[in-house]
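Engineer: Here's my sequence, what's the structure:
(one chain, ligands or ions: 1)
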Amino acid sequence: MGSVARLSGLVALGLALMRSAFAQTPYAGPLFDAHLHYNDEACVHDAPSPGCPHPLTDVLARMQRNGVRAVLANSRPNAGTLALAGAHEQTRAAGVTVVPFVRLYRNRADYSGWFADGTIAEMVQTELARGTPAGAYRGLGEFHLYDSANANGPVAKQLMALAEQKDLAILAHVDDVAIDLLMANTPSKGQIDLPPGRPKADPPPRVAATHAAAERGGDGMRLIWAHTGISGASIERVDELFTRYPRLMGELSYRPGLTCDGGQLCPEWRALLLKYPERFMIGSDTWVNQRWLYYDELMQGYRAWLGGLPADVARRIAWNNGAQLFGFNQNAPATR
Ligand SMILES: [Zn+2]
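Structural biologist: Below you'll find the model as predicted:
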C-alpha cells in the first residue's frame, strides 16, 4: 500500500470512528414530554403523604433534571393537571411549560365506557369552559379504545367533531383501525384543506390549517397517536396512515420494535422517523408510579436513540414538533 493510500485509509478509518462515537453521543437539547399523566396514585392533591408519594416538587424536579422543558399534561381525575397548571412559580422555576389536556376519565370505570357516556361529554364541556390556571385546555385525552369499533360511539364521534371545531389536539391510545374511524368522524377527515391559492407543499402540513380553521385563526385538530400502535401495527401500516392523514402525529412511548441493539432505533423505525421528521414526539406515559420512579432512565433512553439521528431531526422529535404544535418557543435552550 502506498503512503497516499495508507493515509487515505487512515482518514477513512478515523472518520468512521468519529461517526460511530458521534452516533452514541446522547441528544443534549430540550425535551417535550408529549404523554404525561399526573394521576391520583402519584398525588391526591388535598391529602398529605402517603396520599401523595410524588408531590409537585418531586415531579417537577424529575422533569427539570432531565431537561424536560414542556409537558403535555393530563390526569385522572383532572385535579392533577390543574395542580400542575396552577403551580406558576414552581413550574417557572423548573423551566417547565404545562400544556393542559382534558382527561376523559373521572375514575378507572370510565376507561371502558366513555365513548357512549353523555356525562363524559358534559364534563369535557365544563372543563373546556372553565379552562386552567395556565390558560385554555389545548386538547382531549388520553383516551383508550380497546375495541376499535367504539370509535363510532356517540360520544367519541361528538368529541372528534368538537376537537376540530375548537382546534384541540387529541391524544388517543387506539389501534390502527380506530385511526381511520376517528379521522372519519372529523369534518376534515384528517385532511389538510388549505385556503385556495396556497400550494399544498407550502406551508408544510404541520403548520397548515384547514380552510375553516384558518378563518377562525386556528390551525385545526391534530390526532396524536399514543404509542403509535402499542399492539404493534406493522411499519408499513403506520407509514400508510401517516401518508393518508397529514393531521396524524405519533408519540413513541411503549412502541414495540422501536429500539434495537444498544438502545438505538431499529433500522426500519429510523427510516420512518427520517421520512416524517415533523410528525413524531417522545413521551413518558407516567400512568403508574413506577414510571415516575424510572423517569430519569426513560428520558436517558430517548436521549440515547435521539443522539443517533441527524441533529436537526433529533431536535424536531425531541422538542420542536411539540413546541410548534402548541405554539411556543422552538428555540428553547437545553437548561438542565
Ligand atoms: Zn397514557
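
Engineer: Please make it C-alpha for all contacts and neighbour counts, starting now.
Structural biologist: Will do.

Engineer: Near residue 239, how many other residues are there?
Structural biologist: 14 (other Cα atoms under 10 Å).

Engineer: got the contact list for it?
Structural biologist: residue 272 (Cα atoms under 8 Å, 6 or more residues apart in numbering).

Engineer: Just the pLDDT at it, thanks.
Structural biologist: On pLDDT, residue 239 comes in at 98.

Engineer: next one: the helix or strand containing it to chain centre, how far?
Structural biologist: Applying DSSP states H and E as the criterion places residue 239 in helix 235-244. Distance of helix 235-244 from its chain centroid, counting by Cα atoms, centre = their mean, to the nearest Å, is 18 Å.

Engineer: For the stretch 151-300 of the chain, which segments count as strands?
Structural biologist: 169-173, 222-225, 248-251, 280-281 (DSSP state E, counting those that start in this stretch).

Engineer: what's the most buried one of these?
Structural biologist: strand 280-281 (a mean of 28; mean count of other Cα atoms under 10 Å).

Engineer: Which elements pack onto that one?
Structural biologist: The contact analysis (3 or more Cα pairs under 8 Å, 6 or more residues apart in numbering; DSSP states H and E) places strand 280-281 against strand 31-37, strand 248-251, helix 321-325.

Engineer: Those into CSV, with extra columns for distance to residue 312 and mean pLDDT?
Structural biologist: Compiled in CSV, these are given as follows (distance: least, Cα to Cα, whole Å; pLDDT from 0 to 100):
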stretch, distance to residue 312, mean pLDDT
strand 31-37, 14, 98
strand 248-251, 18, 97
helix 321-325, 11, 94
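
Engineer: Go through the ones you listed and name the closest to residue 333.
Structural biologist: Proximity of the helices and strands packed on strand 280-281 to residue 333 was assessed by Cα to Cα; the nearest stretch is strand 31-37, lying at 10.0 Å.

Engineer: List the contacts of the closest one.
Structural biologist: 67-76, 81, 226, 251, 281-287, 318-319, 322-323.

Engineer: hmm, back to that, looking at the helices and strands packed on strand 280-281, which one is packed in the most?
Structural biologist: strand 31-37 (a mean of 27).

Engineer: I'd like the strands of the stretch 151-300 of the chain as a markdown table, with distance to residue 232 appended.
Structural biologist: Putting the strands of the stretch 151-300 of the chain into a markdown table (distance: least, Cα to Cα, whole Å) gives the following:
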| stretch | distance to residue 232 |
| --- | --- |
| strand 169-173 | 12 |
| strand 222-225 | 13 |
| strand 248-251 | 13 |
| strand 280-281 | 16 |
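
Engineer: among these, which is nearest residue 120?
Structural biologist: strand 169-173 (15.2 Å).

Engineer: Using CSV, list the CA coordinates for that closest one.
Structural biologist: Extracted in CSV, the C-alpha atoms of strand 169-173 (Å, rounded to 0.1, in the frame of the first residue of the first chain):
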residue,chain,number,x,y,z
ALA,A,169,-55.4,18.1,19.8
ILE,A,170,-56.4,14.5,20.6
LEU,A,171,-54.2,12.0,22.4
ALA,A,172,-55.6,8.6,21.6
HIS,A,173,-54.4,5.1,22.7
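
Engineer: Provide a list of residues in contact with residue 234.
Structural biologist: Contacts of residue 234 by Cα under 8 Å, 6+ apart: none found.

Engineer: worst-scoring helix or strand of the chain, pLDDT-wise?
Structural biologist: helix 211-216 (a mean of 53; mean pLDDT, DSSP states H and E).

Engineer: Point out where the stretch 101-250 of the chain drops to low pLDDT.
Structural biologist: Where the stretch 101-250 of the chain drops to pLDDT under 70, the residues are 193-219.

Engineer: what do you get if the cut-off is 50, keeping everything else the same?
Structural biologist: 195, 198-208 (pLDDT under 50).

Engineer: where exactly do the helices run in it?
Structural biologist: Along the stretch 101-250 of the chain, counting by DSSP state H, counting those that start in this stretch, helices occupy 118-130, 154-165, 176-184, 211-216, 235-244.
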